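J.: Just need the structure, nothing else, for what follows:
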Amino acid sequence: MIAIVLFGKPGAGKGTQAEFLKEKYNLTHISTGDVFRYNLKNGTELGKQAKVFMDRAELVPDSITIDMLADEVEKNMDKAGFLFDGFPRTIQQAEALEALLKEKNIRFVGTVGLEANDDVLVQRILERGKTSGRADDQDEKIIRSRYEEYNEKTAPLIDYYTGKNCYNSVDGIGTVEEITTRLSGVIDRLI
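T.: Presented below is the predicted three-dimensional model:
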């Protein structure tokens, strides 16, 4: 089994590309946001624990997030591997993910980052906001604030993974098909 981490700022196309990649490579797509929503909606023990922190507008501890991801991994051991989206976001989370993968005997093959200019991404999200119904997709100030948070908290992971020789940058500008072709070329080399 393999594991790949998909990076990119909001609007970079992670969700769109993950749909293709999971089919092509028989991977389970694990989106942290989806995992949280599932646990909260279904009132799981981990969801209840997370809700306590969320109700206080605090970050959910990494230990709870990792336990949620471990549950998802355990439920999907019949696939060829996993595509992590939205996790890790910090070096501590990256280390916890590596420990989880090692424990489950899953080979971490690398990270793939969809790179794109902020101005292009802002326009993408504003366009998406016309149909998504999400208020945070319709306000440029909120979008740019999300990029500042990404640059502050998540971007250091690029250096972390580059130092381990497992960060792969992919140009995230172009048609969906062009980006998919670029991503596939990188993943084919990794696996």
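J.: Every contact and neighbour count from this point should use C-alpha atoms.
T.: Will do.
J.: Return the alpha-carbon coordinates of stretch 93-101 using CSV.
T.: The C-alpha trace of stretch 93-101 is given here as CSV (Å, rounded to 0.1, in the frame of the first residue of the first chain):
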residue,chain,number,x,y,z
GLN,A,93,1.1,16.5,12.0
ALA,A,94,3.5,15.3,9.3
GLU,A,95,5.5,13.4,11.9
ALA,A,96,2.3,11.9,13.3
LEU,A,97,1.1,10.9,9.8
GLU,A,98,4.5,9.2,9.1
ALA,A,99,4.2,7.3,12.4
LEU,A,100,0.7,6.2,11.5
LEU,A,101,1.7,5.0,8.1
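J.: now the helices: where do they sit in this structure?
T.: 14-25, 32-41, 45-55, 62-75, 91-103, 118-132, 140-149, 156-163, 176-190 (DSSP state H).
J.: export the ones you listed to JSON lines and tack on distance to Thr111?
T.: JSON lines is the format used below for the helices of the chain (distance: least, CA to CA, whole Å):
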{"stretch": "helix 14-25", "distance to Thr111": "12"}
{"stretch": "helix 32-41", "distance to Thr111": "16"}
{"stretch": "helix 45-55", "distance to Thr111": "27"}
{"stretch": "helix 62-75", "distance to Thr111": "17"}
{"stretch": "helix 91-103", "distance to Thr111": "11"}
{"stretch": "helix 118-132", "distance to Thr111": "20"}
{"stretch": "helix 140-149", "distance to Thr111": "19"}
{"stretch": "helix 156-163", "distance to Thr111": "7"}
{"stretch": "helix 176-190", "distance to Thr111": "9"}
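J.: Tell me who's in contact with the spatially most central residue of the chain.
T.: When the chain is reduced to its mean C-alpha position, the nearest residue by CA atoms, centre = their mean turns out to be Asp85, at 1.8 Å. Asp85 sits next to Val5, Leu6, Phe7, Lys14, Gly15, His29, Ile30, Ser31, Thr32 when contact means CA atoms under 8 Å, 6 or more residues apart in numbering.
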